[in-house]
Structures are given as C-alpha cells and as structure tokens.
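Asks: For reference, the sequence and a predicted model appear below.
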Amino acid sequence: MGGPRTEPRGARQKETGDLAFAAFAMVRGLRVVKAREWRPNGRACEYAFTLDDPQDEWDTLHMDFANSEAAKFDAATRTLKKLCKRSGHGER
C-alpha cells in the first residue's frame with residue numbers, strides 16, 4: 001500500500017498505509033474507523049488505516065508530521081531495522 005494515499009479534498013474519511021502517520025493523526029485527534037494488516041505473497045506486513053477527518057485536516061497533518069519529531073523518530077527506527085537486516089540473521 002505504501003505511503004499516504006491521496007483522498008479527494010473534503011472527503012470525511014481518509015486512508016493511509018503509513019503506520020507512523022496514522023499514529024500521529026490519531027494522537028492529533030482523528031478517529032480510526034478501520035484498521036487492517038496483511039502479508040502479500042509472504043512479503044513484509046502491510047497496513048491500511050481509515051481515519052475520520054471531519055475538519056478536513058489531512059493535508060495540514062501531513063505537513064505537521066513531516067516537520068515533527070515523530071517523523072524523525074520514524075526515520076531513525078527504519079534505519080535501525082535496515083542495520084539489523086544488513087548485519088545478518090541470528091547473530092547477537
């Protein structure tokens with residue numbers, strides 16, 4: 001599913017596959033109305049979140065997230081996961 005999905009401006013419910021952004025939007029007051037996960041063809045787990053956005057804050061929240069400590073934390077977490085994968089499996 002990838003990053004945030006673009007929804008028509010003014011749509012009350014918005015969808016994203018970005019776990020970090022969904023959590024950020026939830027903390028900022030959007031209500032999660034649907035959440036699911038799946039593993040397409042044995043690949044890494046993918047997510048889809050539908051959030052209720054009655055005030056049409058979606059675009060603003062994306063900008064706030066991009067400039068937040070939460071986005072920096074998410075990027076650092078992904079970097080650490082890549083380092084673990086690079087250094088081998090099953091080693092301590």
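Replies: That came through, no problem.

Asks: just for the chain, where's the confidence low?
Replies: Residue ranges of the chain with pLDDT under 70: 1-10, 89-92.

Asks: now with 80?
Replies: Applying pLDDT under 80 to the chain flags the ranges 1-11, 88-92.

Asks: what about the helices in it?
Replies: With DSSP state H, the ranges of helices along the chain come out as 19-27, 58-66, 69-86.

Asks: residues contacting residue 37?
Replies: With contacts defined as CB atoms under 8 Å, 6 or more residues apart in numbering, residue 37 is in contact with 45, 46, 47, 48. From N, CA and C alone the C-beta is placed, and that goes for glycine too.

Asks: on that earlier part again, quick one, which of the helices of the chain is nearest to residue 36?
Replies: helix 19-27 (11.7 Å; CB to CB).

Asks: Need the contact partners of that closest one.
Replies: The set of residues external to helix 19-27 that reach it, using CB under 8 Å, 6+ apart, is 3-4, 16, 32, 47, 49, 51, 58, 61-62, 64-65, 68, 70-71, 73-74.

Asks: So which of the contacts of residue 37 is surrounded by the most neighbours?
Replies: Neighbour counts for the contacts of residue 37 (other CB atoms under 10 Å) peak at residue 48, which has 16 neighbours.

Asks: Got the phi and psi for the most centrally placed residue in the chain?
Replies: Note on the chain: the residue nearest the mean C-alpha position is residue 18, at 2.0 Å, using CA atoms, centre = their mean. Dihedral angles of residue 18 (phi, psi; degrees, to the nearest 10) stand at phi -90, psi 100.

Asks: Please report how far residue 48 lies from residue 40.
Replies: To residue 40, residue 48 is 12 Å away according to CB to CB, to the nearest Å.
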